[in-house]
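S.K.: I need the structure of the sequence given here:
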Amino acid sequence: MNVLASSRLRYSFLVGLAAFLPLAAAQENHETITAEILSKRFSSGYFPVVGSYVEYEVKVTNNDDIVLSNQSFWASLASNGNQTRYATYFVSRVDPGDYKTIHLGPFKMEDEGWYELKVGIDNATIDFQPDSFMVYRQDPTQALFVGIPTLMAGAGITCFSLYRKRRRMGA
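M.R.: Numbers count the residues shown, from 1 in each chain. A predicted model of the protein is given here:
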């Protein structure tokens with residue numbers, strides 16, 4: 001009796017596997033929706049600092065052979081300090097082979113560290129390369145990116161003035 005139950009179990013496993021394989025193969029060959037970052041802008045300028053905002057322009061392309069309609073496109077900006085910002089956008093219609101540009105944000109960056117943007121869309125597979133960047137505290141950033149160039153400019157002006165003064169005295 002034990003051998004018979006084992007044989008039935010193997011048979012039902014093979015039948016289940018045979019039923020599942022076509023579904024898995026169909027999902028592998030299924031084309032996806034692609035999302036590509038067109039632009040990223042920080043409210044603080046070139047370097048992201050704590051308390052500033054980030055905004056994105058993302059191009060969503062429908063590579064499938066069916067119309068993408070009435071879908072929720074979501075975005076999350078997460079930091080390594082466990083601060084996460086979520087936003088959901090409504091996508092009314094994107095025809096096969098067509099695209100739609102979506103404005104994401106602004107997302108506020110409240111702590112320093114690494115941030116990562118991820119996106120997704122309901123009821124569809126999406127191909128997206130997550131974006132990540134480092135957010136700095138404002139004090140060291142200002143000292144580094146404002147203070148040092150100002151100091152160098154001041155030193156250059158001083159040296160040039162001394163050079164001109166010395167040249168006049170020698171002439």
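
S.K.: and the helix or strand hosting residue 72, what other elements does it pack with?
M.R.: Assessed by DSSP states H and E, residue 72 sits inside strand 68-79. With contacts defined as 3 or more C-beta pairs under 8 Å, 6 or more residues apart in numbering; DSSP states H and E, strand 68-79 has these neighbours: strand 53-62, strand 84-94, strand 99-108, strand 113-121. The C-beta positions use only the backbone N, C-alpha and C, and glycine is treated the same way.

S.K.: Please produce a markdown table containing those, extended by mean pLDDT, distance to residue 47 and mean neighbour count.
M.R.: What follows is these, written out as a markdown table (pLDDT from 0 to 100; distance: least, C-beta to C-beta, whole Å; neighbours: other C-beta atoms under 10 Å):
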| stretch | mean pLDDT | distance to residue 47 | mean neighbour count |
| --- | --- | --- | --- |
| strand 53-62 | 96 | 11 | 19 |
| strand 84-94 | 93 | 19 | 14 |
| strand 99-108 | 96 | 16 | 17 |
| strand 113-121 | 95 | 13 | 18 |
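
S.K.: pLDDT weak spots in this structure?
M.R.: 1-31, 140-147, 170-171 (pLDDT under 70).

S.K.: domain parsing for it?
M.R.: 1-30, 31-136, 138-171 (automatic domain parsing).

S.K.: which of these sits most buried?
M.R.: Among the domains of the chain, the stretch with the highest mean neighbour count (mean count of other C-beta atoms under 10 Å) is domain 31-136, at a mean of 16.

S.K.: what separates it from the chain centre, distance-wise?
M.R.: Taking C-alpha atoms, centre = their mean, to the nearest Å, one finds the center of domain 31-136 at 6 Å from the center of the full chain.

S.K.: Can I get stretch 36-47 as PDB, trimmed to CA atoms?
M.R.: The C-alpha coordinates for stretch 36-47 follow below in PDB (Å, rounded to 0.1, in the frame of the first residue of the first chain):
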ATOM      1  CA  GLU A  36      14.000  54.700 -17.800                       C
ATOM      2  CA  ILE A  37      15.200  57.800 -15.900                       C
ATOM      3  CA  LEU A  38      15.300  60.800 -18.300                       C
ATOM      4  CA  SER A  39      16.400  63.400 -15.700                       C
ATOM      5  CA  LYS A  40      17.100  63.800 -12.000                       C
ATOM      6  CA  ARG A  41      17.100  67.200 -10.300                       C
ATOM      7  CA  PHE A  42      18.100  68.200  -6.700                       C
ATOM      8  CA  SER A  43      16.600  71.300  -5.200                       C
ATOM      9  CA  SER A  44      20.000  72.000  -3.600                       C
ATOM     10  CA  GLY A  45      21.800  72.100  -6.900                       C
ATOM     11  CA  TYR A  46      24.300  69.500  -8.000                       C
ATOM     12  CA  PHE A  47      24.900  67.800  -4.700                       C
END
